[in-house]
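**Q** sequence isn't available, so here's the structure alone:
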């Protein structure tokens, strides 16, 4: 598993515990689990919507006009709903980008 031994995993777990605290870990795990579940669900929906697309045709680009919202957009929205800190971080990032545009 990425060349990490049990000692490294324990150290990483302790650092995560110190950063987020014991009360937040179940909440974060629930959010990540929900995001993964939603990702699988959306992936399944997208693959079932395109029955004419076969695995050997993956090198062809689909038409942009008829495509449903991007998988990444759906996953981002679900993660932002599930994990409160991510929404705040994205908001701060957008403001920082706006300030950078004003400065440049």
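**A** Sure, I can see it. Everything numeric in this text was worked out from a predicted model, so none of it was measured. Numbering: from 1, shown residues only.
**Q** which stretches of this protein aren't confidently modelled?
**A** For the chain, the stretches flagged by pLDDT under 70 are 1, 49-69, 84.
**Q** now do the helices in it.
**A** In the chain, the helices defined using DSSP state H lie at 6-20, 25-49, 71-82, 84-103.
**Q** can you tell me which of those is packed in deepest?
**A** helix 71-82 (a mean of 15; mean count of other CB atoms under 10 Å). (C-beta placed from N, C-alpha, C; glycine too.)
**Q** so what does that one touch, helix or strand wise?
**A** Packing contacts for helix 71-82, counted by 3 or more CB pairs under 8 Å, 6 or more residues apart in numbering; DSSP states H and E, involve helix 25-49, helix 84-103.
**Q** what is the longest one packed up against?
**A** Translated: helix 25-49. Secondary-structure packing of helix 25-49 (3+ CB pairs under 8 Å, 6+ apart): helix 6-20, helix 71-82.
**Q** do that again at 6 Å, thanks
**A** Packed against helix 25-49 by the contact rule (3 or more CB pairs under 6 Å, 6 or more residues apart in numbering; DSSP states H and E) you find helix 71-82.
**Q** quick one, the helix it packs on and helix 25-49 angle?
**A** Helix 71-82 runs at 150 degrees relative to helix 25-49, counting by axes from the mean of the first three to the mean of the last three CA atoms, to 10 degrees.
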